[in-house]
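> The sequence and its predicted three-dimensional model are supplied below.
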There are 4 protein chains.
Amino acid sequence: MYITETQIRIHYALIDQMGFVYHGHYAQFYEIGRSESIRQIGYTYKDIEAMGIIMPVVEINSRFLRPAKYDDLITVKTTLKELPTNFKIVFHSEIFNEQDELLNTGEVTLFFADAKTMKRCNMPDVLREKLAGYF
Amino acid sequence: MYITETQIRIHYALIDQMGFVYHGHYAQFYEIGRSESIRQIGYTYKDIEAMGIIMPVVEINSRFLRPAKYDDLITVKTTLKELPTNFKIVFHSEIFNEQDELLNTGEVTLFFADAKTMKRCNMPDVLREKLAGYF
Amino acid sequence: MYITETQIRIHYALIDQMGFVYHGHYAQFYEIGRSESIRQIGYTYKDIEAMGIIMPVVEINSRFLRPAKYDDLITVKTTLKELPTNFKIVFHSEIFNEQDELLNTGEVTLFFADAKTMKRCNMPDVLREKLAGYF
Amino acid sequence: MYITETQIRIHYALIDQMGFVYHGHYAQFYEIGRSESIRQIGYTYKDIEAMGIIMPVVEINSRFLRPAKYDDLITVKTTLKELPTNFKIVFHSEIFNEQDELLNTGEVTLFFADAKTMKRCNMPDVLREKLAGYF
């Protein structure tokens, strides 16, 4: 398993008139968690795109347990439970507030695809090698 | 079943550098579909909030089949398959492009809650009555 | 002068915890107004990009007079006061609520630029010809 | 003068199909800069709202000099040039990339207002006292 954590300060733009983070913004928190997760193994999603590979999201499942509020410093815990063997990668996110209460869980499935042909492709070797030690 | 449709023009702010609608924005399309769905039975979500009831989202499940692109005129088909009997309501969304291709499906579960106490409550009678004829 | 109007329904995602449309979202309303303005002369911004020309925003000046609120149906009035003679185009936006109160004014300056070289270029002739009759 | 700096990592959601941060998102960068600016004097915008005071934005003027791109780590430099003497406060923002190139400048004017009556009010004394030493 490969687990990383990153923190996000909730700014005003993200809050709705219930006083909660609008539910639609959690996908961005998952995205930030994933990109920091890749950065921590010494690679970036920007590098992946520079190789001509994109990673479209194909499925998201989210559960909202408690609201995040304005100025909360949330922690996004991002977990890769399995090393991908083909074109598909699944990240699990858990979001906690400063009281360590679980606010939200998300499961995001992405494909690796060739940016030009839009055909699915395998996970790049350079990424697999960097991750292999965790599995 | 209660089914409605509404159209949304994709503007520039919604598109990412892959040239696709950023996946996180679909939750907003579901939201627009739900609110127009309620409006078409002669009520509004604004009316519900004015009664002191809020509807936090507790779960979203999305599948992304094909990308929406800049300037696409998408159709959000919103379906209520069952009339809620308690505090929980589930909306199904299907999003189509102008070629009638299915781009995305979403299932959004919301709770009815008292805005002051934040306790779950039943669907307001006024809403149930307006919907009852469809089930 | 070339003046057009378009309407936008304010959805929940746009409202902050003051109960107002978050100020940062008005740039999107101006954008929607501009794109519908171009569409009404029988062209689209998508067509412009397909010609290899992009229109980066170089300046925005906004004044916020009254707040827009949830479920408001706002009208964006977009005015082109002068036909551009070079690489620069300025759109003026005025946003009204259903009571015809002026909520916001915006002045947005964009450049025409070659998408490949990123060098400024003149307004495309096809666009100038379609607009010329209004000036 | 009171000057602070804060850094923001540009995530994917903020990028448009030109490959640039969508112009409408800069207002959020200014907001983050302002809120971190207040935090650094030992107060928060959340504290201000808890006192029953809100700070609606009444004017924004932005200039876009160079684009910010995906994964850029931008620095938002926030300057308060004058200590407010009444209900009005003006923040200046300058945004730099990692090469220390100036990307964007913004001038944001906000009012202090009573959240209940929506009437303008003076800057809270607690905030003025914390800032006074810088002027």
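Happy to help now that I have it. Numbering: from 1, shown residues only, chains lettered A, B, ... in the order given.
> In chain A, where's the longest helix?
Across chain A, the longest stretch assigned as helix under DSSP state H is helix A:26-39.
> now the angle from that helix to helix B:26-39?
On the basis of axes from the mean of the first three to the mean of the last three Cα atoms, to 10 degrees, helix A:26-39 is oriented at 170 degrees to helix B:26-39.
> Need the mean per-residue confidence for helix A:26-39.
Mean pLDDT, helix A:26-39: 98.
> Please name every helix or strand in contact with that helix.
For helix A:26-39, the elements it packs on are strand A:2-9, helix A:45-50, strand A:57-64, strand A:73-80, strand A:88-96, strand A:102-111, judged by 3 or more Cβ pairs under 8 Å, 6 or more residues apart in numbering or on different chains; DSSP states H and E. To be clear about C-beta, it is placed using only N, CA and C from the backbone, and glycine gets the same treatment.
> I'd like these as a markdown table, with distance to chain C, mean pLDDT and mean neighbour count appended.
Formatted as a markdown table, these follow (distance: least, Cβ to the nearest Cβ, whole Å; pLDDT from 0 to 100; neighbours: other Cβ atoms under 10 Å in any protein chain shown):
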| stretch | distance to chain C | mean pLDDT | mean neighbour count |
| --- | --- | --- | --- |
| strand A:2-9 | 16 | 98 | 16 |
| helix A:45-50 | 18 | 96 | 16 |
| strand A:57-64 | 14 | 98 | 20 |
| strand A:73-80 | 17 | 98 | 19 |
| strand A:88-96 | 19 | 98 | 20 |
| strand A:102-111 | 17 | 98 | 20 |
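> ok, which residues in chain A are in contact with chain D?
A:9, A:11-13, A:27-28, A:31-32, A:35, A:44-46, A:49, A:70-71 (Cβ under 8 Å from any Cβ of the partner chain).
> One more pass at 7 Å, please.
A:11-13, A:28, A:31-32, A:35, A:44, A:46, A:70-71 (Cβ under 7 Å from any Cβ of the partner chain).
> close enough to count as contact, A:Gln40 and A:Thr6?
No. Using Cβ atoms under 7 Å, A:Gln40 is not in contact with A:Thr6, being 8.7 Å away.
> coming back round to it: just the buried ones among the residues of chain A next to chain D, please.
A:11-13, A:28, A:31-32, A:35, A:46, A:70-71 (16 or more other Cβ atoms under 10 Å in any protein chain shown).
> Can you tell me who A:Lys88 pairs with across the strands?
A:Phe111 (DSSP bridges).
> Distance of it relative to C:Asp100?
With distances taken as Cβ to Cβ, to the nearest Å, A:Lys88 is found 53 Å from C:Asp100.
> about what we covered before: out of the helices and strands packed on helix A:26-39, flag the one nearest B:Met118.
strand A:57-64 (13.3 Å; Cβ to Cβ).
> what angle sits between that closest one and strand B:57-64?
Using the same axes, to 10 degrees: strand A:57-64 against strand B:57-64 is 170 degrees.
> quick one: A:Thr117 is in a helix?
No. Assessed with DSSP: H, G, I helix; E, B strand; the rest coil, A:Thr117 is coil; it does not lie in a helix.
> Could I get the contacting residues of the most far-flung residue of chain A relative to its centre?
For chain A, the largest distance from the centre (Cα atoms, centre = their mean) belongs to A:Gln17, which lies 26.3 Å off. Contact analysis of A:Gln17 by Cβ atoms under 7 Å, 6 or more residues apart in numbering or on different chains lists C:15, C:17, C:19, C:70.
> Please apply the same query to A:Met18.
Contacts of A:Met18 were listed using Cβ under 7 Å, 6+ apart, and they are B:54, B:56.
> do A:Phe29 as well
A:8, A:76, A:95.
> rerun at 6 Å
By Cβ atoms under 6 Å, 6 or more residues apart in numbering or on different chains, the contact list for A:Phe29 reads A:8, A:76.
> Ok, A:Ala13 next?
The contact partners of A:Ala13, taken as Cβ under 6 Å, 6+ apart, are C:22, C:24, D:28.
> Likewise for A:Gly52?
Taking Cβ under 6 Å, 6+ apart, one finds A:Ala115 in contact with A:Gly52.
> center of chain A - which residue?
By Cα atoms, centre = their mean, chain A has its centre lying nearest to A:Arg34, at 3.0 Å.
> Can you tell me, leaving aside adjacent residues, what's nearest to that one?
A:Phe91 (5.2 Å; Cβ to Cβ, 6 or more residues apart in numbering or on different chains).
> What residues does chain A have near chain B?
A:18, A:23-24, A:27-28, A:54, A:57-64 (Cβ under 6 Å from any Cβ of the partner chain).
> closest to C:Asp114 among these?
Once Cβ to Cβ is applied, the member of the residues of chain A next to chain B that ends up nearest C:Asp114 is A:Ile54, at 24.8 Å.
> which residues does the closest one bridge with?
Bridge pairing for A:Ile54 (DSSP bridges) gives the partners A:Ala113.
> isn't it right up against A:Phe112?
No. With contact defined as Cβ atoms under 6 Å, A:Ile54 does not count as touching A:Phe112 (8.0 Å).
> And the contacts of stretch A:99-110?
So stretch A:99-110 is contacted by A:26, A:30, A:55, A:57-66, A:68, A:89-97 (Cβ under 6 Å, 6+ apart).
> Extract the C-alpha trace of that stretch and format it as PDB.
Taking Å, rounded to 0.1, in the frame of the first residue of the first chain, the C-alpha atoms of stretch A:99-110 are listed here in PDB:
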ATOM      1  CA  GLN A  99     -10.300  17.200  15.300                       C
ATOM      2  CA  ASP A 100      -9.400  14.100  13.300                       C
ATOM      3  CA  GLU A 101     -13.100  13.400  12.500                       C
ATOM      4  CA  LEU A 102     -13.700  11.700   9.200                       C
ATOM      5  CA  LEU A 103     -15.600  14.000   6.900                       C
ATOM      6  CA  ASN A 104     -15.600  12.300   3.600                       C
ATOM      7  CA  THR A 105     -14.500   9.200   1.700                       C
ATOM      8  CA  GLY A 106     -13.900   9.000  -2.000                       C
ATOM      9  CA  GLU A 107     -12.900   6.300  -4.500                       C
ATOM     10  CA  VAL A 108     -11.600   7.600  -7.800                       C
ATOM     11  CA  THR A 109     -10.900   5.400 -10.800                       C
ATOM     12  CA  LEU A 110      -8.800   6.800 -13.600                       C
END
